[in-house]
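Asker: My questions are about this predicted structure, shown below with the sequence.
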Amino acid sequence: MQPAVAEEEGPGTRAGGGYTVVGLMEDGAGLNRAISDLRRLGVGEGDLMVVLKRPDPLEAEPFPEGTRYIVVPDDHRGVELSVAFAAVFVVSGLLFAFAAPQIGVILFVFFIALAAILAVGAFTRVGVDPILIDLGVPPEDADLWNDAFERGRVLLFAGTRERGALRKIREILLREGGECYVVEGLLCPRPVSGAVMHRAGEEREE
């Protein structure tokens, strides 16, 4: 996959495999308007995906019916378990340090290192990085998009096989305050690392 090109499609863009416009959108009414306008433009349900963050990834979102969206959990899942293991390692290290001084210091340092790794991992938010890595997004673009995601932006992926549709798609997203990037190929985000996929409307039927 070629690197994303900010705002405009690159000169080497090929028409064969389609394109994806990635929008970094504000979370709110403008997002729904953009989705509705894209659908009216002819972007199909299978070519449109929204990725957002919520405390409860199972809660339904009020998107236009049929919209596919992935919810990344906005919490520190597994914090309690990781912190508990870290505490066990610290206590074990102290016991070894006092019970067997000759090897205890080495084991104490080892256990403290493990505890530190667990603690850092427990309080680090995953963000949208796993989804972008799964898509094969170049690191520089993945970092940019993940930073925006962590600041509260929503990622909107709109695919098209027609080069002529790119300008209209961009206009819709820009009109609603989004930042646009055009990528060669049709990107199909998948829910990974605890994220959950939904289709708007199906939740109301259950």
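Answerer: On my side now, so go ahead.
Asker: Which pLDDT value does the model give the closest residue to residue 160 other than its chain neighbours?
Answerer: Nearest-residue entry for residue 160: residue 19, 5.8 Å, with adjacent residues in sequence omitted and distances by Cβ to Cβ, 6 or more residues apart in numbering. (Each C-beta comes from the backbone N, C-alpha and C, glycine too.) The per-residue pLDDT reported for residue 19 equals 96.
Asker: I would like the residues contacting whichever strand or helix holds residue 174, please.
Answerer: Element membership for residue 174 (DSSP states H and E) is helix 166-175. With contacts defined as Cβ atoms under 8 Å, 6 or more residues apart in numbering, helix 166-175 is touched by 7, 9, 19, 21, 23, 25, 34, 37-38, 41, 43, 156, 158, 160, 180, 182.
Asker: In that helix, which residues are buried?
Answerer: 166, 168-170, 172-173 (16 or more other Cβ atoms under 10 Å).
Asker: what do you get for stretch 140-149?
Answerer: 141-142, 144-146, 148-149.
Asker: so where's the protein shaky on pLDDT?
Answerer: Residues of the chain meeting the criterion pLDDT under 70: 1-16, 75-126, 203-206.
Asker: 80 instead?
Answerer: Filtered on pLDDT under 80, the chain yields the residue ranges 1-16, 74-127, 203-206.
Asker: All the helices of it, in order from the start?
Answerer: 29-41, 79-99, 101-122, 129-135, 139-150, 166-175, 202-205 (DSSP state H).
Asker: what packs against the fourth one?
Answerer: Helices and strands touching helix 129-135, as assessed by 3 or more Cβ pairs under 8 Å, 6 or more residues apart in numbering; DSSP states H and E, comprise helix 139-150.
Asker: And for the helix it packs on, what's in contact with it?
Answerer: Contacting residues not belonging to helix 139-150 are listed as 3-4, 22, 24, 51, 53, 72, 125, 127-129, 132-133, 137, 155, 179, 181 [Cβ under 8 Å, 6+ apart].
Asker: Counting neighbours, which of the residues you listed end up buried?
Answerer: Those of the contacts of helix 139-150 that meet the buried threshold are 4, 22, 24, 51, 53, 72, 127-129, 132, 137, 155, 179, 181, by 16+ other Cβ under 10 Å.
Asker: Mind telling me the two of the residues you listed farthest from one another?
Answerer: Within those, 4 and 53 form the most distant pair, 20.6 Å apart (Cβ to Cβ).
Asker: How much space separates the closest residue to residue 43 other than its chain neighbours from residue 59?
Answerer: Spatially, and ignoring its direct neighbours in sequence, residue 43 is nearest to residue 158 (5.2 Å; Cβ to Cβ, 6+ apart). Residue 158 sits 24 Å away from residue 59, going by Cβ to Cβ, to the nearest Å.
Asker: So those two - more neighbours on which side?
Answerer: Neighbours of residue 158 and residue 59, each counted by other Cβ atoms under 10 Å, are more numerous for residue 158; the result is 27 against 11.
Asker: Quick one: end-to-end length of stretch 158-173, please.
Answerer: Counting by Cα to Cα, to the nearest Å, the length from the leading to the trailing residue of stretch 158-173 is 10 Å.
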